[in-house]
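Asks: From the sequence below, what's the structure:
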Amino acid sequence: MLSKDMYTLVNEFGQSVTLRKVVTGAYDPSTGTAGNTTTDYAVKSYMAEFTLTELSLDTVVRGDRKALLSSFDTSGVAIPAPDESDLLVGVGDTVRVVSTQTIYSGDSVVCYICQVRE
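Replies: Numbering: from 1, shown residues only. Predicted coordinates:
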């Protein structure tokens, strides 16, 4: 039941954002850096605040938010799970994914709950 409610919340009330997957490339000894490659996915996201109880957890910092993401992009293709340091870009804001929880209905991924931070 919870997974259906989350699916409905994201798809009916979510806003379009970009999930930017960031992959660190190979280390280049001549420059002393490793380049990043990004892949963008257009998805729907519903932003929510953490409760006071959740704010008391050691992993949640004041100002962190929850982003409920659809497991499919806007064209209906499944997206990879958001990873730590991926970005959500949209609605005049860019936030970094801190952690991700995958929500299932049976064997199917319904959505992702991401802890995000500015």
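
Asks: make it CA atoms for all contacts and neighbour counts henceforth
Replies: Fine.

Asks: Can you pull out the residues in contact with the helix or strand encompassing Thr102?
Replies: Assessed by DSSP states H and E, Thr102 sits inside strand 93-105. Residues from elsewhere that reach strand 93-105 (C-alpha atoms under 8 Å, 6 or more residues apart in numbering): 3, 81-89, 109-118.

Asks: Could you tell me which of those residues are located in strands?
Replies: Leu87, Leu88, Val89, Val109, Val110, Cys111, Tyr112, Ile113, Cys114, Gln115, Val116, Arg117 (DSSP state E).

Asks: For my notes, please list these in CSV and give distance to Tyr41 and neighbour count for each entry.
Replies: Formatted as CSV, the ones in strands among the contacts of strand 93-105 follow (distance: C-alpha to C-alpha, whole Å; neighbours: other C-alpha atoms under 10 Å):
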residue, distance to Tyr41, neighbour count
Leu87, 11, 23
Leu88, 10, 28
Val89, 10, 17
Val109, 17, 16
Val110, 17, 18
Cys111, 14, 23
Tyr112, 14, 22
Ile113, 16, 22
Cys114, 15, 25
Gln115, 18, 25
Val116, 17, 25
Arg117, 19, 20
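
Asks: Select the longest helix from this protein.
Replies: Looking across the chain with DSSP state H, the single longest helix is helix 2-13.

Asks: pLDDT value on Gly14, please?
Replies: For Gly14, the pLDDT comes out at 87.

Asks: Now for the residue nearest to it when sequence neighbours are not counted: which residues touch it?
Replies: Leaving aside its chain neighbours, Gly14 sits nearest to Tyr46 (4.3 Å; criterion: C-alpha to C-alpha, 6 or more residues apart in numbering). Going by C-alpha under 8 Å, 6+ apart, Tyr46 touches Leu9, Val10, Phe13, Gly14, Gln15, Ala67, Leu68, Leu69.

Asks: So Tyr46 belongs to a strand, correct?
Replies: Yes - the assignment for Tyr46 (DSSP: H, G, I helix; E, B strand; the rest coil) places it in a strand.

Asks: Any idea what it is bridged to?
Replies: Going by DSSP bridges, Tyr46 is paired in beta bridges with Leu68.
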